[in-house]
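>>> Take this sequence and fold it.
(one chain, ligands or ions: 1)
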Amino acid sequence: MFRIGKEEAQAAARVIESGSLFRVNSKLHEVENFEKEWAARLNVSHALLLTGGTGALAAALVSIGIGPGDEVIVPAYTFIATPIAVLMAGAVPVIAEVDETLTLDARDVEKKISAHTKAILPVHIQGFPCNMDAITKLAREHGLYVVEDSCQAAGGSYHGKALGSIGDAGTFSFNQAKIITAGEGGAFVTNNDFYYQRAVLYHDCGAAYWSKEVVGGAVPFAGGNLRASEVTGAILRVQLTRLDGILADLRRVKKTMMTALEGVVRFNPSNDPEGDCGTTLAMLCDTPEQAKTLAAAIGGNRPYDTERHVYIHWSSILNKQGAGTEYQNPYRLPQNQGLQTDYSVDMCPQALDVLSRTAYLPLNCDWTDAEVAEKIELIREAAKNL
Ligand SMILES: *Cc1c(COP(=O)(O)O)cnc(C)c1O
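Numbers count the residues shown, from 1 in each chain. Now for the predicted structure:
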């Protein structure tokens, strides 16, 4: 979360005072309006607001028809929700390397494509855009789907296109830790009418009853309930009006720091510096020890130490505990036998190397010029002593 204030409080209060907190037949249409505004912001035909990003990812995979017997390639560095969403669809995650950009390495993805691969799931982690040209090219050549995890990248872009709008479907999270937030929340976006209809069915088991129109060409199936509340919609509509300001200020801070520190530290390369969200300054060191020292000296951290974001800590995946009951565990399904699930902690050495040698400084859009100058000095001093 970066900015929130009385406008969000008033928007939430208006919903409560209306007595209409449910999206279906609501009085204020906050969820519906947010969906329209989010779709317009990303230049896509459909957006669906849900309770969270994990559910949005599962909805995206299910909407496309990914399930048992399918492999989905995910990066070794992402929040554990990404591979878990693959399991929620009944498919299995195949873990691939990230490169110095900290995003999916297309060369390793290519090596991991098998006869069972159905989709590639690039993650724009920390708002760093993935190499979508290389990923899209691979997907086209091998007949694979692309689902973008843009949970940490609201408002980011790649070659001028909104992150999340490039693949077959895109997903966002609006939980407390994300760029814009309602505490919890998520979004699914697509240009495909059929996927949209299936995502609607997945997120709302009552969809076929509330609205005949919603199900369109999709055959109704048993979905669950990941519906967003009108309060969430109202808060997010205000947050959306803040997004461009947040991003402009984050990017200004990042640019100022990178210009001032040119030649002092080495920055992780970016697939699109213009589209980067600017939430994080990433500095690549020669050794893991140097990155640790640098991070400690500047009040930052190493991505290597962020636990659930690094595949070596995905214990439920590595141990193949893919669900709460054995009957739902994708690793037990006959369709998933013989797939690439021979995980080990040393399977992505390049990712571990890059993650351990990178130091992060989380940036703040509300730092004053003096505070930015202070951070620059702090890094300059720390770099001298490495
Ligand atoms: C936050 C996040 C998710 C999950 O979103 P929730 O809203 O917490 O369910 C998925 N992927 C990534 C990369 C995330 O950062």
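>>> wait, Asp147 sits on Val123?
Quick fix: residue 147 reads Val, not Asp. No. With contacts counted by CB atoms under 8 Å, Val147 stays clear of Val123, the gap being 10.0 Å. The way it works is simple: take the backbone N, C-alpha and C, and place the C-beta from them, glycine included.
>>> Show me which of the two is the more surrounded one.
More crowded of Val147 and Val123, by other CB atoms under 10 Å: Val147, with 31 against 28.
>>> and the gap between that one and the ligand?
Separation of Val147 from the ligand (CB to the nearest ligand atom, to the nearest Å): 11 Å.
>>> Strands along the stretch 101-250 of the chain, start to end?
117-120, 145-149, 157-158, 161-162, 169-173, 186-190 (DSSP state E, counting those that start in this stretch).
>>> between the ones you listed, which gets nearest to Ala59?
strand 186-190 (5.1 Å; CB to CB).
>>> Near the ligand, which residues of the stretch 151-300 of the chain? Just list them.
Residues of the stretch 151-300 of the chain lying close to the ligand by CB under 6 Å from any ligand atom are 151-152, 173, 175, 186.
>>> got those as JSON lines, with pLDDT columns?
Formatted as JSON lines, these follow (pLDDT from 0 to 100):
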{"residue": "Cys151", "pLDDT": "98"}
{"residue": "Gln152", "pLDDT": "98"}
{"residue": "Ser173", "pLDDT": "98"}
{"residue": "Asn175", "pLDDT": "98"}
{"residue": "Gly186", "pLDDT": "98"}
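>>> out of the residues you listed, which one sits closest to Gly167?
When those are compared against Gly167 (criterion: CB to CB), the nearest one is Cys151, at 13.7 Å.
>>> need the contact list for that closest one.
Contacts for Cys151 (CB atoms under 8 Å, 6 or more residues apart in numbering) come out as 53, 56-57, 79, 81, 123, 171-173, 178, 186.
>>> In TSV, list the strands of the stretch 101-250 of the chain along with distance to Thr293.
Formatted as TSV, those follow (distance: least, CB to CB, whole Å):
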stretch	distance to Thr293
strand 117-120	36
strand 145-149	31
strand 157-158	33
strand 161-162	37
strand 169-173	32
strand 186-190	37
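>>> Skipping adjacent residues, who's closest to the closest residue to the ligand within the stretch 51-200 of the chain in space?
For the stretch 51-200 of the chain and the ligand, the shortest gap (CB to the nearest ligand atom) falls at Gly53, measuring 2.5 Å. The spatial neighbour of Gly53 that comes closest, neighbours along the chain excluded (CB to CB, 6 or more residues apart in numbering), is Ser173 at 2.8 Å.
>>> That neighbour reaches Ile179, doesn't it?
No. Using CB under 8 Å, Ser173 is not in contact with Ile179; the gap is 9.4 Å.
>>> quick revisit: can you name the two of the residues of the stretch 151-300 of the chain next to the ligand that are farthest apart?
Gln152 and Gly186 (12.2 Å).
>>> quick one: which of those two has more around it?
When neighbours are counted by other CB under 10 Å, Gly186 comes out ahead of the other of Gln152 and Gly186, with 29 against 24.
>>> For the more buried one, give me its contacts.
Per CB under 8 Å, 6+ apart, neighbours of Gly186: 49-56, 151, 171-175, 226.
>>> Select only the buried ones of those in ChimeraX?
Buried residues among those (16 or more other CB atoms under 10 Å), as a ChimeraX selection:
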select :49,50,51,52,53,54,55,56,151,171,172,173,174,175,226
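>>> Which of the contacts of Gly186 sits closest to Thr190?
Thr171 (9.9 Å).
>>> Could you list everything the closest one pairs with in the sheet?
On the basis of DSSP bridges, Thr171 is bridged to Asp149, Phe188.
>>> Please apply the same query to Phe267.
Phe267 has the following beta-bridge partners by DSSP bridges: Met283.
>>> Share the number of residues neighbouring it, please.
17.
>>> I'd like the distance between it and Thr256.
From Phe267 across to Thr256, the span is 13 Å (CB to CB, to the nearest Å).
>>> With Tyr331 instead?
For Tyr331, the distance to Thr256 - CB to CB - is 48 Å.
>>> and the residue of the stretch 201-350 of the chain nearest the ligand?
Nearest residue of the stretch 201-350 of the chain to the ligand: His309, at 8.0 Å (CB to the nearest ligand atom).
>>> For that residue, list the residues it contacts.
Contacts of His309 by CB under 8 Å, 6+ apart are 77-80, 125, 303.
>>> Now Leu61: closest residue in space, sequence neighbours ignored.
Per CB to CB, 6+ apart, closest to Leu61 is Ala89, 4.0 Å.
>>> ok, how many other residues are close to the one you found?
Other residues near Ala89 come to 25 when the count uses other CB under 10 Å.
>>> hang on, it packs against Gly67?
Yes. Shown here, Ala89 and Gly67 form a contact pair, counting by CB under 8 Å, at 5.6 Å.
>>> do you know how far the residue nearest to Thr232 when sequence neighbours are not counted is from Val146?
Counting by CB to CB, 6+ apart, Thr232 lies nearest to Ala182, which is 4.5 Å off, once chain neighbours are set aside. As judged by CB to CB, Ala182 and Val146 stand 27 Å apart.
>>> Between those two, which is the more surrounded one?
Neighbour totals were compared for Ala182 and Val146, and Ala182 leads with 27 against 21 (other CB under 10 Å).
>>> who's in contact with that one?
174, 231-232, 235-236, 239.
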